[in-house]
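Chemist: dropping a prediction and its sequence here:
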Amino acid sequence: MTPSNQERVWQVIHSIPSGKVCTYGHVALMAGLPRQARAVGKYLSQLPNDSKIPWHRVINAQGKLSFPVDSSRYDKQRAILQEEGIFFTNNKIKLSLYLWLGE
DNA sequence: CATTTGACTTGTG
DNA sequence: CCACAAGCCAAAT
């Protein structure tokens, strides 16, 4: 059974080390799906709440979370990331410090 | 099969 | 730095 794109994306996300983050575009690229950043987002949007996938390590290319700052989802993702040692500055993450581009 | 949608990205002002 | 537009492309409707 050939892995679906969704499975490839999930595998890539699983490989992101704690304390690091990756953008949608890079996740897509590493999953062998260039220019499919939006598809990655769509897959994540379909994740069940009890999923074990570290979806919180995927952020957008602006170094920000893809949720409105006042949403509960935003707060949750940010809390987890901070637990993993990621430092926020004005609702933004410094990609130069935390971006993971593979091993 | 045509159209809409979306947890995106990049460029422009 | 913020806002908006255009580009992009798979999945859903």
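Modeler: All right, it came through fine.
Chemist: and for A:F87, the neighbour number?
Modeler: 10 (other CB atoms under 10 Å). In this view, the C-beta of every residue, glycine as well, is placed from N, C-alpha and C.
Chemist: any idea how far the nearest residue to it once chain neighbours are set aside is from DNA strand C?
Modeler: Leaving aside its sequence neighbours, A:F87 sits nearest to A:K94 (CB to CB, 6 or more residues apart in numbering; 7.2 Å). Per CB to the nearest atom of the strand, to the nearest Å, A:K94 is found 10 Å from DNA strand C.
Chemist: so what's A:K94 scoring on pLDDT?
Modeler: For A:K94, the pLDDT comes out at 97.
Chemist: and for A:M1?
Modeler: So A:M1 comes in at 66 (pLDDT).
Chemist: ok, A:P48 next?
Modeler: We have a pLDDT of 88 for A:P48.
Chemist: pretty sure it sits in a helix.
Modeler: No. Under DSSP: H, G, I helix; E, B strand; the rest coil, A:P48 sits outside any helix and is assigned coil.
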